[in-house]
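Asker: need coordinates for the following:
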Amino acid sequence: MVQLESGFPNRFRYLVIITCIGKQQTEESALLGFDVTTNEITIGMTLPIWADLDISLDGDGTAYQSLHKVSNQARHYNYIANNGLTHSWLEHYRNMDIRSNQIYINEWNQMDDILSHRSDSPHLYQPLSSDEESLRTRIRVKLKEIMLQVNLDEVTPKFLREQLENAFEMSLSSFKQYIDDEMLQILAQMDKPTMILPYLYLGSEWNASNFEELKSNNIGYILNISREIDNFFPGHFKYLNVRVHDHDDADLLKEWEKTFRFINEAKTNNQCCLVHCKMGISRSASTVLAYLMKENNHSLIDALEYVKTRRSCINPNGGFRNQLVIYEGILAAHKTFRSKLNDNQITTIDKKNSIIQISKTESVPSTPIESLSSLSTDLMVMMRKKSSNKFNCVTKRPNSMV
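Answerer: This is a model prediction of the structure:
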């Protein structure tokens, strides 16, 4: 057990490692987060220790050794999430009627590099610091809160600055340029989310933080494709986070199968899904394009034209463009392979480069799938060379538009 810092007064947090013999008669471990106040002890986090879990801890060598031991054990037995065989006993703790309140749970899930915080974020409950970056974060959160409450057609930038100064009970004259820049950025986000399909919306950080708008659009699922933006309403919507920055080297391709299933889950449950990043231009737009390519069998060009007629500002960065071209090739290869399964005979190549033929009545070995994987790798190389031609129709966007 190790005690952690807390952003709230009169509350203590403890991280506990528990181990249990699972269904496979091997030791399985998990982390439990306990919130302790003068009146009660509640559970704020249950986290299975999987083989790929990355853990870091400062200040307690004994705790680190214990974590290192159970992490090695998880890798040894190859405990993987969602395989249905391990950590089923953890449901006992998840279903106990001692769950922490949502604000405490949010602190267990917070990330250090979040720039856009929700109004009840534990980060904002810290004592006011003279640190300029910390104050900028608080100003931005409060400014957005004020702009949500007023009629922007009737107020001036001066009025908004005065409201901020009243809220902070201090002069913010040295932050005038920063406040004005933030006003412009928030205003740029304030368009309504774009309906791409009856159950799929594409939008910005602003749309993700507008509770009434989300509810009026029957949105129950929110796909957050950003590293720097918080989940604004945990407990009210189902979230899936893909934590990437809008950089050319960010890897979205590996996430698109997971995002595809998440959007379709919303569709199956007769609810809508909002896909957002900061501006609804690059990261989230790329993810929506990938979804359309798979769900509706669109080519990349067709998907681009379809989305741009509804949201003209979309413009994936160069790295995401390449990945979309690669993804188009992977989908085409998969479609070709599946169609050949319906033929009377499949011709493929085994690991020794020998040509083999499989009749329709025979079972299909693993070799064609390996060939498909190899084909996908080759496509990645070839498609990168062609990707620039696919995006001639896309206008350049300013570097500041994330």
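
Asker: against Leu331, how distant is the residue most central in space within the chain?
Answerer: Central residue of the chain (Cα atoms, centre = their mean): Asn241, 1.8 Å from the mean position. In this view, Asn241 and Leu331 are 24 Å apart by Cβ to Cβ, to the nearest Å. Quick note: C-beta positions are derived from backbone N, CA and C, even for glycine.

Asker: and what of Leu53?
Answerer: Distance from Leu53 to Leu331, by Cβ to Cβ: 31 Å.

Asker: who has more neighbours out of those two?
Answerer: Leu331 (19 against 16; other Cβ atoms under 10 Å).

Asker: mind listing what that one touches?
Answerer: With contact taken as Cβ atoms under 8 Å, 6 or more residues apart in numbering, Leu331 is in contact with 293-294.

Asker: can you classify it by secondary structure?
Answerer: helix (DSSP: H, G, I helix; E, B strand; the rest coil).

Asker: so for it, what's the pLDDT?
Answerer: At Leu331, the pLDDT value in this model is 95.

Asker: low-confidence stretches in this structure?
Answerer: 7, 57-62, 83-84, 110-130, 153, 188-190, 340-402 (pLDDT under 70).

Asker: what residues go with each domain of it?
Answerer: 2-109, 122-189, 194-329, 333-382 (automatic domain parsing).

Asker: most packed of those?
Answerer: Greatest average neighbour count among those goes to domain 194-329 (a mean of 20), per mean count of other Cβ atoms under 10 Å.

Asker: distance between the ends of that one?
Answerer: 27 Å (Cα to Cα, to the nearest Å).

Asker: so what's the closest residue to Asn217 other than its chain neighbours up against?
Answerer: Distance criterion Cβ to Cβ, 6 or more residues apart in numbering; nearest residue to Asn217, sequence neighbours excluded, is Cys272 at 5.8 Å. Cys272 makes contacts with 198-201, 217-221, 266, as judged by Cβ under 8 Å, 6+ apart.

Asker: just to revisit the earlier point, let me see the contact set for the closest residue to the residue nearest to the centre of the chain other than its chain neighbours.
Answerer: Nearest non-adjacent residue to Asn241, counting by Cβ to Cβ, 6+ apart: Asn224, 4.9 Å away. Going by Cβ under 8 Å, 6+ apart, Asn224 touches 208, 231, 239-242, 276-277.

Asker: in strands, which of those residues appear?
Answerer: Taking DSSP state E as the definition of strands, the contacts of Asn224 contribute 239-241, 276.

Asker: using TSV, lay out those together with distance to Leu152.
Answerer: Below are the ones in strands among the contacts of Asn224 laid out as TSV (distance: Cβ to Cβ, whole Å):
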residue	distance to Leu152
Tyr239	28
Leu240	31
Asn241	30
His276	21
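
Asker: Phe168: which of the residues you listed is nearest?
Answerer: Compare each of the ones in strands among the contacts of Asn224 with Phe168 using Cβ to Cβ and the shortest gap goes to His276, at 28.3 Å.

Asker: which parts of the stretch 51-200 of the chain are strands?
Answerer: Shown for the stretch 51-200 of the chain, the strands assigned by DSSP state E, counting those that start in this stretch span residues 194-197, 200-203.

Asker: make CSV out of the ones you listed and add distance to Tyr79.
Answerer: Shown next, in CSV, are the strands of the stretch 51-200 of the chain (distance: least, Cβ to Cβ, whole Å):
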stretch, distance to Tyr79
strand 194-197, 37
strand 200-203, 34
